[in-house]
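Student: Return a 3D structure for these sequence lines:
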Amino acid sequence: MNYGSPFVGVRVRWQSPAAPSSRVFGLRLPATLLLTLLLAACGSSGSSRYGGGYSERPPTDRVALTAWQEWTKFGRSTVVYGGQANGYTNRTGVSERSEPLASRVGDYWGACGKPDWNGRTSSKPWSGAFVSWVMARSGYTPQQFPRDGRHGSYLAALYDREKQRGAPFYLHAPNEYSPKPGDLVCSGTAGPTWRHADSRTAHRRIDNTANHCDVVTDVRGGFVHAVGGNVKNSVTMSLYPVDSRGRLQPVGGRPWLLVVEKRS
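Tutor: Here you go, the predicted structure:
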């Protein structure tokens, strides 16, 4: 998407040092410049509060750390969603068709039983394989988290298994739960219509409408920071806006389907 040179209006009050009266002038700044200043401010505040900017502080949760390390390894591609900056690429990373990421995509597919697929030999979307690999690498068994390259398949299975005692994952509608590091934030074509359906219908809707999930690595600065595969042809961190309660806000082109809570 081409954002060209979007502008937002900012009103600045200026007072002459020689006169007590003030005048108001309209100042127009590029939205991308304002976004850059915002990210810089977040990084600056993070340095004092968290011991590093948003891209420098490793998560402590093991699932979040696994995803964060892959993102770091392949160039820290970053995309910001919400407002006028929706879909703005702040940084690009290594492409899926370039080494070493091309071969690493083969490792992601290997976790799903398809080791011959990689970034050059297969055109299959690999975001689901990335999530399955992250969970396997973090120590979850296939019984706890299914090894499947389709988001809908593993999400529907998690939905069925959440009724079991001690289930490590639980599915929520986006408006009823605040994501935390190690959780998954997932979008779909139909939104959270599954939430109040009967079990059979909910399973079918999740399976048929899920299209992408990211692993949450941090929540701060008014954004969920989440890493996913096959985003901008790389392992990419997406920044999604949240409200005052930490709940996901709507973003253009990404209807939120559900949030997977990691309970263990």
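Student: Surely I206 touches A156?
Tutor: Yes. Assessed by CB atoms under 8 Å, I206 is found in contact with A156 at 4.7 Å. All C-beta atoms are positioned from the backbone trio N, CA, C, and that covers glycine.
Student: who has more neighbours, the two?
Tutor: I206 (30 against 23; other CB atoms under 10 Å).
Student: So that one: helix, strand or coil?
Tutor: For I206, the assignment made with DSSP: H, G, I helix; E, B strand; the rest coil gives helix.
Student: Roughly how far does it sit from L65?
Tutor: 27 Å (CB to CB, to the nearest Å).
Student: K163 now?
Tutor: K163 is 29 Å from L65, by CB to CB.
Student: With neighbour numbers in mind, choose between those two.
Tutor: Ranked by neighbour count (other CB under 10 Å), K163 and L65 place L65 first, with 19 against 9.
Student: In the stretch 1-150 of the chain, what residue spans correspond to helices?
Tutor: Along the stretch 1-150 of the chain, counting by DSSP state H, counting those that start in this stretch, helices occupy 31-49, 62-73, 101-110, 127-137.
Student: Which residues does the helix or strand that the last one is followed by contact?
Tutor: When you say that, I think you mean helix 127-137. Where DSSP states H and E defines the elements, the next helix or strand beyond helix 127-137 is helix 151-161. With CB atoms under 8 Å, 6 or more residues apart in numbering as the test, helix 151-161 has contacts from 127-128, 131-132, 145-148, 167, 169, 171, 186, 194, 199, 202-204, 206-213, 258, 260.
Student: In stretch 234-247, which residues are buried?
Tutor: Across stretch 234-247, burial judged by 16 or more other CB atoms under 10 Å covers 234-242, 247.
Student: what's the span of that stretch, first residue to last?
Tutor: Using CA to CA, to the nearest Å, the end-to-end distance of stretch 234-247 comes to 26 Å.
Student: circling back: which pair of the buried residues of stretch 234-247 spans the longest distance?
Tutor: Spatial extent of those (CB to CB) is set by the pair S234 and R247 at 27.6 Å.
Student: which strands and helices sit next to the longest strand seen in the chain?
Tutor: Looking across the chain with DSSP state E, the single longest strand is strand 210-220. For strand 210-220, the packing partners by 3 or more CB pairs under 8 Å, 6 or more residues apart in numbering; DSSP states H and E come out as helix 62-73, helix 127-137, helix 151-161, strand 184-188, strand 223-231.
Student: got the angle for that strand vs strand 184-188?
Tutor: 140 degrees (axes from the mean of the first three to the mean of the last three CA atoms, to 10 degrees).
Student: average pLDDT for strand 210-220?
Tutor: For strand 210-220, mean pLDDT is 97.
Student: Now do that strand against strand 223-231, angle only.
Tutor: Using the same axes, to 10 degrees: strand 210-220 against strand 223-231 is 140 degrees.
Student: Dump the helices and strands packed on strand 210-220 into a markdown table; add mean pLDDT and distance to A85 as well.
Tutor: Formatted as a markdown table, the helices and strands packed on strand 210-220 follow (pLDDT from 0 to 100; distance: least, CB to CB, whole Å):
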| stretch | mean pLDDT | distance to A85 |
| --- | --- | --- |
| helix 62-73 | 98 | 20 |
| helix 127-137 | 98 | 22 |
| helix 151-161 | 98 | 25 |
| strand 184-188 | 97 | 18 |
| strand 223-231 | 97 | 11 |
